[in-house]
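Chemist: following is a predicted model, sequence given first.
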Amino acid sequence: DDSPESIILESVLEGMSEYFSKNLSREVMKGMKETALQCRHTGGIPPLGYDVNPDKTFSINTFEAKAVQLIFGMYAAGDGYSKIIDELNRLGYRTKRGNTFGKNSIHDLLKNEKYTGTYIFNRTERKTNGKRNGHSIKDEAEIIRIPGGTPKLIEMFEKVQSKMIENRHGPGRFLAKEVYLLSGLVYCGNCGGKMTGKRRYAGRNRSLYTTYECSTRKNKRTCDMKGINKEYLENLVIEQLVEDI
């Protein structure tokens, strides 16, 4: 009710609930850290290339390990994500969840330090401002790193990391940008994926072509929808708007 005693009681109950929640979280993390210090699996889906044994230690999945080595080898040789995805699809490889590979899954795999044989735990923030954020790295003092804690799958990790930094700062980042009026508003009529802007130089005269391309085709290579000329599509929509409004 609205009595003074109710206000006190409500505050006590809320405080007890918050204490229980945070204390439980702390105890769970303590247990997970103990498991991590033994180089055992702490839950969730293991990385591609590994299986979890009954005692929660990691072992190599021979079939998946070949996919991991193929990805690192092709990227180190200078192949782009699209070519790597095409080759993985051709050979019948899938992600740990059974899905086709996309650019994000390839990127995350290339950044996974466990493939060097180093066990990693507590590397990323689970939540930032109340939202999940697997890309926010914790302070080095909070991260558990144990060399030799997992079976080693690849030798070229540092080379690949250097190449990723080099590609991120490549000349493509500084090209003039196009304004795509329909970005985020147009969807592929074939698979339903978003159509995003793309610019490329092609032909004997290296002419500039600007198009809208299916994001599923671009990222996962599982759609055969061809790109649509940017000017044609935007004019078509604008003319329809003028006619309707």
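Modeler: Done, it's in.
Chemist: check the contact between Glu213 and Lys194; I expect there is one.
Modeler: No - judged on Cβ atoms under 8 Å, Glu213 makes no contact with Lys194 at a distance of 9.9 Å. Where you see a C-beta, it was placed from the backbone N, CA and C, and this is true even at glycine.
Chemist: so how far is Arg217 from Glu231?
Modeler: 20 Å (Cβ to Cβ, to the nearest Å).
Chemist: the two - which one has more neighbours?
Modeler: Neighbour tally, Glu231 and Arg217, criterion other Cβ atoms under 10 Å: the higher count belongs to Arg217, 20 against 10.
Chemist: surely the more buried one touches Thr211?
Modeler: No - counting by Cβ under 8 Å, Arg217 sits too far from Thr211 to count as a contact (11.5 Å).
Chemist: pull the number of nearby residues for Leu185.
Modeler: 10.
Chemist: could you do Lys220 as well?
Modeler: 21.
Chemist: about what we covered before: now for Arg217 and Thr211: what residues contact both?
Modeler: The contact sets of Arg217 and Thr211 do not overlap (Cβ atoms under 8 Å, 6 or more residues apart in numbering).
Chemist: could you pull up the residues touching the residue nearest to the spatial centre of the chain?
Modeler: The residue lying closest to the centre of the chain (Cα atoms, centre = their mean) is Asn104, at 3.8 Å. Listed by Cβ under 8 Å, 6+ apart, the contact partners of Asn104 are Asn219.
Chemist: after the helix or strand where it lies, which helix or strand is next? Please name it.
Modeler: Assessed by DSSP states H and E, Asn104 sits inside helix 103-110. Next helix or strand after helix 103-110 toward the C-terminus (DSSP H and E): strand 118-121.
Chemist: off-centre distance for that following strand?
Modeler: Offset of strand 118-121 from its chain centre (Cα atoms, centre = their mean, to the nearest Å): 19 Å.
Chemist: which other helices and strands contact it?
Modeler: Contacts defined by 3 or more Cβ pairs under 8 Å, 6 or more residues apart in numbering; DSSP states H and E place strand 118-121 against helix 4-37, strand 144-147.
Chemist: now those as JSON lines including mean pLDDT and distance to Asp79?
Modeler: Shown next, in JSON lines, are the helices and strands packed on strand 118-121 (pLDDT from 0 to 100; distance: least, Cβ to Cβ, whole Å):
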{"stretch": "helix 4-37", "mean pLDDT": "91", "distance to Asp79": "34"}
{"stretch": "strand 144-147", "mean pLDDT": "90", "distance to Asp79": "29"}
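Chemist: all helices for this structure, in order.
Modeler: Here the chain has its helices, by DSSP state H, at 4-37, 62-76, 81-91, 103-110, 157-168, 215-220, 230-244.
Chemist: so of those, which one's packed in deepest?
Modeler: helix 215-220 (a mean of 20; mean count of other Cβ atoms under 10 Å).
Chemist: enumerate every residue touching the residue nearest to Ile84 when sequence neighbours are not counted.
Modeler: Once flanking residues are discounted, Ile84 sits nearest to Met74: 4.9 Å by Cβ to Cβ, 6 or more residues apart in numbering. By Cβ under 8 Å, 6+ apart, the contact set of Met74 is Lys83, Ile84, Glu87.
Chemist: could you redo the last one with a cut-off of 10 Å?
Modeler: Gly80, Tyr81, Lys83, Ile84, Glu87, Leu88, Ile106 (Cβ atoms under 10 Å, 6 or more residues apart in numbering).
Chemist: thought the fourth one was touching Lys220?
Modeler: No - distance between Ile84 and Lys220: 11.9 Å, which falls outside the contact criterion (Cβ atoms under 10 Å).
Chemist: shared neighbours of those two, which are they?
Modeler: Joint contacts of Ile84 and Lys220 (Cβ under 10 Å, 6+ apart) are Phe101, Lys103.
Chemist: low-confidence regions, the protein specifically.
Modeler: Scanning the chain with the threshold set as pLDDT under 70 gives 126-135, 169-177.
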